[in-house]
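[1] What would the 3D arrangement of this be:
(2 chains, ligands or ions: 4)
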Amino acid sequence: MNLETHYMGLALKNPLVASASPLAKNLDNMRAMEDAGASAIVMFSLFEEQIKQERESLEDFANFAGESYAESLSYFPKASDYEVGMEQYMKLIQKASTSLHIPVIGSLNGTTKHGWIQYAKQMQEAGASGIELNVFFIPADFSLSGVDVESRYVDILSAVKASVEIPVAMKLSPFFSSIGNMCKRLDNAGADALVLFNRFYQPDFDIENQEIYSNLQLSTSSEIRLPLLWIAVLYGKISASIGASRGVEKAEDIIKYIMAGSDVVMTTSAILRNGIPYFKTMLNDLERWMTEHEYESVQQMKGSMSQEKVANPTAFERANYIKLLKSWSPSDTL
Amino acid sequence: MITSADFIGCHQAQFLDQFDILEQAAEGATFLLNSIHSADEVWAHMPRPIQQSIISKKIKFYVIDAYKVARDAHMGGRINTIMQTCFFAISGVLPREDAIQKIKDAIKKTYGKKGEDVVLQNYAAVDATLAGLHQVTVPTSVSSKIELAAVMPAHAPQFLRDVTARIIEGKGDDLPVSAMPIDGTYPTATTKWEKRNISQFVPEWDADLCIQCGSCAFVCPHACIRAKLYDQDKLSNAPEGFRGVKPKGKDFQDQRYTLQIYVEDCTGCELCVTVCPAKSKENSAHRAINMVEKEPIHQREITNEKFFDTLPQPIRDNTNFSSVRGIQFIEPLFEFSGACSGCGETPYLKLLTQLFGDRMMVANATGCSSIYGGNLPTTPWAQTSEGCGPAWANSLFEDNAEFGFGYALTNEMHEGMARKLLQTLAPTVGDTLAKAILDAPQLTDAEITAQRARVRELKNKLSSIRTSEAKSLFTLADRLIRRSVWVIGGDGWAYDIGYGGLDHVIASGRNINILVLDTEVYSNTGGQASKSTPIGAIAKFANGGKEVGKKDLAMMAMAYGHVYVAKIAMGANRAQTIQAMREAEAYNGPSIVIAYSHCIAHGIAMKDGLEQQKLATQCGHWPLFRYDPRRTPLGENPLVLDSAAPKSAFKDYAYNEIRYRMLSRQDPEHADVLMKRAQAYVDERWKVYKDMADHGKKQDGETAQA
Ligand SMILES: Cc1cc2nc3c(=O)[nH]c(=O)nc-3n(C[C@H](O)[C@H](O)[C@H](O)COP(=O)(O)O)c2cc1C
Ligand code: SF4
Ligand code: SF4
Ligand code: SF4
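    Ligands and ions are numbered 1, 2, ... in the order given. Okay, here's the model as predicted:
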């Protein structure tokens, strides 16, 4: 069985990639993921503002109440050589890219143009095989129009593309008025891959204590439908690679994503839930299913259910929606 | 001593109103002031003598709003660098341009490794400082009507006016030795005369939202929040803007409740706000107590405070001492200390004085608690309206437990002598009275009040009896009222330097109480590791993270079997804190209470201190328990766990604090190793405690109390 695939110019041994998550926070886990069959690893994201905040708070607290009292000029040992997240992140890329055989992709979330470019370059120098840009951006500023927001994505991509040679992927949210158009623009601006979709962790309310809290909820298969729709629609219409992310629970989900047209399928929740060896389980199941159904390669399956190729292309559009609604009779709901 | 200064800098504008800071300025000197007022406005806010000096001495006057520059430059409240930059820019010690360049070179050297952006950020702070520094155009005549506030009001006691005030003014060196008390005893209750006004932001009470739980008053490290219940007709004399509301619940409906904030003593730590459970239904950010700018409410609150002070103190006998709600009404005899804003130690001391009042005798080890407790010029240990209060003395670091032991032995001795004399004199003073005094249980406050009345009566009778026995008993009679001896200190004392003595004292079996204010580090001398410092925390002398586990002082004390031992954390469980202190005091034998005290040496925002205490307990680092030897003869397990099994990871608590986080940034691999070791230590400790607490319990599915 030939599971090989190409993603943002990288040749991968299979389509199952570890998406950005804390699993890539240490080398042991990354090695284990490689051993379990992951074909590439996206690092957890480096957040520019976090680095800034961390640096400020370390400085602030470590110097707190300093020089205020003759008997104790400081309350901490002198710390000149601490590293904030950035140095450690680059060191990890360096170690991972030299000790693993699969590609390691850096993930970056910047807040300033300076940050996007500086850190992307450093990731390249550290040995990353590619960079995934995670534009986690909630436009709470109401003076920003949809056009402004979209330009921001394109500008960031262009700036990073211009400063590094390694391939650059863009991880997107689904919250655009016209996703297809947005993807096309990013494709034109030189994106080597698009990852659909980022999963946002929205806050919840604790109504007893009137507090905001965020607890992480892992995804389930029911969440694959939105990415599946857009991947199927985009397939064949852009030259960038397509990465699927969200809701992979089992091999069938991988198959669906490939059939829609994904070059790679990414997973995090399933691994957090079942452990790193679960890569192997899903890959075995994928291979068994393909054998049973007499597929020869992933390549053969890729895009087979895309909008371009299905017998009923309108199934992806409004006509299908109307049909579906009609098919609900009141008794169905009881 | 500088008597003719060419440069004077005032970093805190409130000093202007209190001290004649230009008294020592030379002719033509430079004066730099950190003020919220601009160069155009500041003159109008200067007291008259300051204006006078500036004009007559032809002083060059500069002003900067350093706190604003610091905030804008993301430097928090650190203004040192900003004021230093100003100094170099205007003092003329170096040519201005050279000086600025040298500052920037120093920045480059310090921060170069941290990246270009950090260097630029610091350069920007220097530039912003220079942009914000302005020379004031000095008018030709004095216009101010503001006089320097008297350091001590005229109605303050004589000693405070004559001696304390001089020290506060910074003129202690001018005092003759003869002004000092001959025997070294200083008047107590003196911090209330030193209004420090150090915070620009203070809490404001929203009476309508308040559920009167008393939590804010309970946790305030500086005792700046007081609650009173009083007859509603008292309100007729209240100043405008003074709020008194109906008490919550069904009782005391003819009374009124007021929460008064002493804004001039508040340090702005915000602990009261973070602990308040009452939130507005319309706006979840608004609580029953909220930080506001002090200036607009300053005068109103001083007037309110004066009126509040005239309202009667509650009677101790009627108080429910087992609840936070009850204790809020009890006057603390430890107030307005100069501890760090938000200190985790002082609320425990305040609580002790509320519980045991003027009967306390405190032996205080050297450390933070001795500095904020008894450093000149003032002391926070206070007095009741009758002029009685705890007796307090500070001994050395290495012998404090023995020092306090001396109190206990002296008490025993004096009480024994008094009892003997009373037996002898019983026929003369009256058998009924003598018997009542000798048999008094003196456990509750009501019983102690009754005993005080009897002793008063006894002394009355004795005063007219001319025998030497009667005279002796008269001087000893007060010893017939039960005293409460407390030996207090930090972990540096209890775990390390004073441990031998502490062990000796608890082994004695005598009736004495020990409170360990455990900050897990030598706080007062600037954060050196103690045996209490946990695995993985950095401290001086443990720069690479503490390698071995925190000494389990509680377990060592429990090993005796006859010692009352408790571990408490008021952020985790206030009711348990109260219970442990009361049980410790009531136990007729040695007691040791170990209290988690958050501290600036932990590297936290101090307003999160109580939250950290809660997390420390939740993760099992600080289990709460009480070991009471009185349970053993009843066939019960003496150990009761008051906190539940750990439900979060140690690192989720630890990494909120710089003392742990710094290591993960300096040496992540080693930090990982230590963090795992620390977790294993916590797990193991919990298992041991749990096994001990479950020992002897039935196996038939009965669960341990946890
Ligand atoms: C714990 C956790 C941490 C994550 N951290 C990142 C991150 O740092 N950067 C990022 O782009 N996505 C991050 N993600 C999102 C995942 O990469 C992924 O897109 C998302 O979980 C959807 O995939 P799934 O359904 O397979 O979990 C994180 C997800 C989880 C569950
Ligand atoms: S801010 Fe701090 S010092 Fe001020 S009243 Fe509140 S708890 Fe007390
Ligand atoms: S904590 Fe809040 S609700 Fe409780 S007494 Fe204080 S202000 Fe009132
Ligand atoms: S150093 Fe720590 S214990 Fe000492 S006064 Fe400050 S906060 Fe309190």
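[2] Could you use CA atoms for every contact and neighbour count after this?
    Will do.
[3] Which per-residue confidence value corresponds to residue 94?
    The chain I'm using is chain A. On the pLDDT scale, residue A:94 is placed at 96.
[4] not quite, I wanted chain B
    For residue B:94, the predicted pLDDT is 87.
[5] what's the answer for residue A:68, then?
    As predicted, residue A:68 sits at a pLDDT of 66.
[6] Got the phi and psi for residue B:487?
    Note on residue B:487: its backbone torsions stand at phi -110, psi 120 [degrees, to the nearest 10].
[7] Enumerate every residue touching it.
    Residues in contact with residue B:487 (C-alpha atoms under 8 Å, 6 or more residues apart in numbering or on different chains) are B:362, B:363, B:364, B:365, B:400, B:401, B:404, B:512, B:513, B:514, B:515.
[8] Just give me the closest of these to ligand 1.
    residue B:515 (43.2 Å; C-alpha to the nearest ligand atom).
[9] Could you check which helix or strand contains that closest one?
    Element membership for residue B:515, per DSSP states H and E: strand B:512-518.
[10] Taking chain A, what residue is nearest to ligand 3?
    Closest point on chain A to ligand 3, by C-alpha to the nearest ligand atom, is residue A:209, at 13.4 Å.
[11] Around that residue, how many other residues sit close by?
    Residue A:209: 11 surrounding residues under other C-alpha atoms under 10 Å in any protein chain shown.
[12] if I've got this straight, it is in a helix?
    No. With DSSP: H, G, I helix; E, B strand; the rest coil as the criterion, residue A:209 is assigned coil and is not in a helix.
[13] Identify each of the strands in the stretch 201-334 of chain A and give its residue range.
    A:204-206, A:211-213, A:241-245, A:264-267 (DSSP state E, counting those that start in this stretch).
[14] Direction included, what does the strand holding residue B:515 pair against?
    Applying DSSP bridges, strand B:512-518 is found paired with strand B:484-490 (parallel), strand B:590-596 (parallel).
[15] where does the residue of the stretch 101-250 of chain A found nearest chain B fall, phi/psi-wise?
    Chain B sits closest to residue A:210 of the stretch 101-250 of chain A, with a gap of 6.0 Å, by C-alpha to the nearest C-alpha. Phi and psi for residue A:210, reported as degrees, to the nearest 10, are phi 50, psi 50.
[16] For the nearest residue to it once chain neighbours are set aside, give me the pLDDT.
    Distance criterion C-alpha to C-alpha, 6 or more residues apart in numbering or on different chains; nearest residue to residue A:210, sequence neighbours excluded, is residue B:284 at 6.0 Å. Residue B:284 carries a pLDDT value of 87.
[17] again with residue A:80
    On the pLDDT scale, residue A:80 gets 58.
[18] which intervals of the chain have sub-threshold pLDDT?
    Since no chain was named, I'll use chain A. Scanning chain A for pLDDT under 70 picks out A:64-72, A:79-84, A:318-320, A:322, A:324, A:328-334.
[19] was after chain B, sorry
    B:114-115, B:698-706.
[20] near chain A, which residues of it show up?
    Residues of chain B found near chain A (C-alpha under 8 Å from any C-alpha of the partner chain) are B:74-76, B:78, B:110, B:114, B:279, B:284, B:523-527, B:538-540, B:543, B:600-601, B:603-605, B:658-659, B:662-663, B:665-667.
[21] Quick check: the closest residue to residue A:256 other than its chain neighbours vs residue A:18, distance?
    Residue nearest to residue A:256 in three dimensions, not counting chain neighbours: residue A:228, with 7.6 Å by C-alpha to C-alpha, 6+ apart. Distance of residue A:228 to residue A:18, given as C-alpha to C-alpha, to the nearest Å: 18 Å.
[22] quick check, nearest of the contacts of residue B:487 to chain A?
    Taking C-alpha to the nearest C-alpha as the measure, chain A lies nearest residue B:365 of these, at 16.4 Å.
[23] how many other residues sit next to the closest residue to residue B:359 other than its chain neighbours?
    Among residues not flanking residue B:359 along the chain, residue B:483 sits closest, at 4.9 Å (C-alpha to C-alpha, 6+ apart). Residue B:483: 21 surrounding residues under other C-alpha under 10 Å.
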